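I'll drop the sequence and a predicted model, then ask my questions.
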Amino acid sequence: MDDLVLRGAADVWGHGPGDVVVRGGEVVAIGPGAATGAGGRYDGPAGERVEVVDCTGRVVLPALVEGHAHLDKTLLGGPWVPHSAGDALADRIGNERRRRGPLGLPDVDHVTTLLERMVVAGTGHVRSHTDVDPEVGLRGVEAVAEAARGGSKPSGYKDTGVTLITDDPVDGVESKDSKYGLENCWG
């Protein structure tokens, strides 16, 4: 795998400005001069291409974690839908359950669009609550799993982890066992 050097970056670990060296998808060195060999050049493995990105004046962060999402309920990427729920949580839950069928939820393209936006903003892992009940069945789990694999679009986020969480107990479903392993991670 090609190496990547982020040259001149500040980081959240208190180093910098300096270099961040990524080899094989893992950070292997951080700090001033971390990527500098003889003559001020990066000494990468022989025969491998080394991409050097000037990050002067920029901060380098590890991937962010979205710890609470509802990917199966997103309308992002679809037509505008006016807010129609009341202010109470019970009103919002009831409204979502009444409207998800007519709105075509869950929708793989909507979930894919949201995941793409999250990745562009720096998210590396998403923990999503997903409905499983007699009306929607496993469609939410299936939609999120398909989107996490790239959906109908070329995947620029195949290394983004998605963990699905369902209600416990699952609404109206006798067993949580399924071919999806509801506690599995995709990505």
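Everything's here; your move. Numbers count the residues shown, from 1 in each chain.

Show me the strands in the protein, by range?
3-11, 18-23, 26-31, 50-54, 59-60, 64-69, 123-129, 161-165, 185-186 (DSSP state E).

Let me see the residues that make contact with the fifth one.
The contact list for strand 59-60 (CB atoms under 8 Å, 6 or more residues apart in numbering) reads 6, 9-12, 20. Bear in mind the C-beta positions are built from the backbone N, C-alpha and C, glycine included.

what is the mean pLDDT for that strand?
Taken as a whole, strand 59-60 carries a mean pLDDT of 84.

Pairing partners for it, with directions?
If you go by DSSP bridges, strand 59-60 pairs up with strand 3-11 (parallel).

Also the second one?
The strands that strand 18-23 pairs with in its sheet are strand 3-11 (antiparallel), strand 26-31 (antiparallel) (by DSSP bridges).

Now do that strand and strand 50-54, the angle between them.
Here strand 18-23 points in a direction 150 degrees away from that of strand 50-54 (axes from the mean of the first three to the mean of the last three CA atoms, to 10 degrees).

Please list the outside residues in contact with strand 18-23.
The contact list for strand 18-23, computed with CB under 8 Å, 6+ apart, reads 1, 3-11, 27-36, 42, 44-45, 55, 60.

Using CSV, write down the CA coordinates of it.
C-alpha atoms of strand 18-23 as CSV (Å, rounded to 0.1, in the frame of the first residue of the first chain):
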residue,chain,number,x,y,z
GLY,A,18,5.2,18.3,12.2
ASP,A,19,4.6,15.3,10.1
VAL,A,20,2.1,12.4,10.3
VAL,A,21,3.3,9.3,8.5
VAL,A,22,0.6,6.8,7.4
ARG,A,23,1.8,3.3,6.2
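
on that earlier part again, got a quick ChimeraX command for the buried subset of the contacts of strand 18-23?
Burial among the contacts of strand 18-23 is assessed by 16 or more other CB atoms under 10 Å; the matching ChimeraX selection reads:
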select :3,4,5,6,7,8,9,10,11,30,31,34,35,42,44,55,60
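
Tabulate the strands of the chain (JSON lines), appending distance to Val144.
Output for those, formatted as JSON lines (distance: least, CB to CB, whole Å):
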{"stretch": "strand 3-11", "distance to Val144": "30"}
{"stretch": "strand 18-23", "distance to Val144": "29"}
{"stretch": "strand 26-31", "distance to Val144": "27"}
{"stretch": "strand 50-54", "distance to Val144": "32"}
{"stretch": "strand 59-60", "distance to Val144": "29"}
{"stretch": "strand 64-69", "distance to Val144": "10"}
{"stretch": "strand 123-129", "distance to Val144": "6"}
{"stretch": "strand 161-165", "distance to Val144": "6"}
{"stretch": "strand 185-186", "distance to Val144": "8"}
